[in-house]
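Peer 1: show me how the following folds:
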Amino acid sequence: MEYKKVAIIVAGGSGTRMQSAVPKQFLELSGKPVLYHTIAAFAAAFPDMEIVLVLPEAHFTFANHILQAFDKLPDITIIKGGNTRFHSVQNGLQQVKHPAVVFVHDGVRPLVSTTLIRACYEAAIIHGSAIPVIDMKDSIREISGGNNAAVDRDRFRIIQTPQTFLSELILPAFELPYDPLFTDEATVVERLGHPVHLLPGEESNIKITKPLDLVIAEVLLRERG
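Peer 2: Have a look, this model is predicted:
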């Protein structure tokens, strides 16, 4: 079967943790907004990539300014987000009209590589899903009541995006009623009884949430360039 490729980029964040009046996805990174780099990564991964950008209506003007920075405009649709990530992804999925490999990605992960995007695509074709993960390097402790205990970190992984699925798995999952226990797309798809496939993510695929992250991303981009 021939699958289309659809990237749903969710960019609903505000600037609170960045101590910034500008939402973090629009902050400047190497001379371009964070969100520009994210969109560019998906546009570069596959020439037939369809991009659905999901963000608050108040940010549509910002987003249109970003699109003007592209020499060749990607195939992109801008959609209004919902009250939660679940509802924003649900809105984005309404644009998936044909069998597709669907990537759901954080707008504030601008350093995702084309290599990882393609690896997620290949794994989703084989396994139905592809969730990039990295190992935990720090020791962790579990807090329970007033006590705490060491936990074996080898039993845990840190989850990244793009969380990638065949449309035949993710579309029915997002018809479920919203549950606060849905922390990401994988937890929604698992609710329908589908195990999810993990694959190696990238240390550099960081999420921009704090001022320090922007500094790190700047250095990583410079090294890459």
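Peer 1: helices along this protein, start to end?
Peer 2: Using DSSP state H, the helices found in the chain span residues 34-45, 60-67, 85-93, 114-127, 167-173, 185-191, 211-224.
Peer 1: show me what the last one is packed up against.
Peer 2: Under the contact criterion of 3 or more CB pairs under 8 Å, 6 or more residues apart in numbering; DSSP states H and E, helix 211-224 touches strand 28-29, helix 34-45. Where you see a C-beta, it was placed from the backbone N, CA and C, and this is true even at glycine.
Peer 1: for it, C-alpha coordinates in CSV please.
Peer 2: Coordinates of the C-alpha atoms in helix 211-224 are reproduced here as CSV (Å, rounded to 0.1, in the frame of the first residue of the first chain):
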residue,chain,number,x,y,z
PRO,A,211,16.4,29.6,28.5
LEU,A,212,19.4,27.2,28.8
ASP,A,213,17.8,24.9,26.2
LEU,A,214,18.0,27.7,23.6
VAL,A,215,21.7,28.2,24.4
ILE,A,216,22.4,24.4,23.9
ALA,A,217,20.4,24.3,20.7
GLU,A,218,22.4,27.2,19.3
VAL,A,219,25.6,25.4,19.9
LEU,A,220,24.3,22.1,18.4
LEU,A,221,23.1,23.9,15.3
ARG,A,222,26.4,25.7,14.9
GLU,A,223,28.2,22.3,15.1
ARG,A,224,25.8,20.8,12.6
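Peer 1: buried sites along it?
Peer 2: Asp213, Leu214, Ala217, Leu220, Leu221 (16 or more other CB atoms under 10 Å).
Peer 1: show me the contacts for the nearest residue to the first one once chain neighbours are set aside.
Peer 2: When you say that, I think you mean Asp213. The shortest distance from Asp213 to any residue other than its chain neighbours is 5.8 Å, reached at Ile206 (CB to CB, 6 or more residues apart in numbering). Neighbour list for Ile206: Arg109, Leu111, Asp213, Ile216, Ala217, Leu220 [criterion: CB atoms under 8 Å, 6 or more residues apart in numbering].
Peer 1: per-residue pLDDT, the residue of the chain most remote from its centre?
Peer 2: Computed with CA atoms, centre = their mean, the residue of the chain farthest from its C-alpha average is Gly146, at 35.0 Å. Turning to Gly146, the model gives it a pLDDT of 92.
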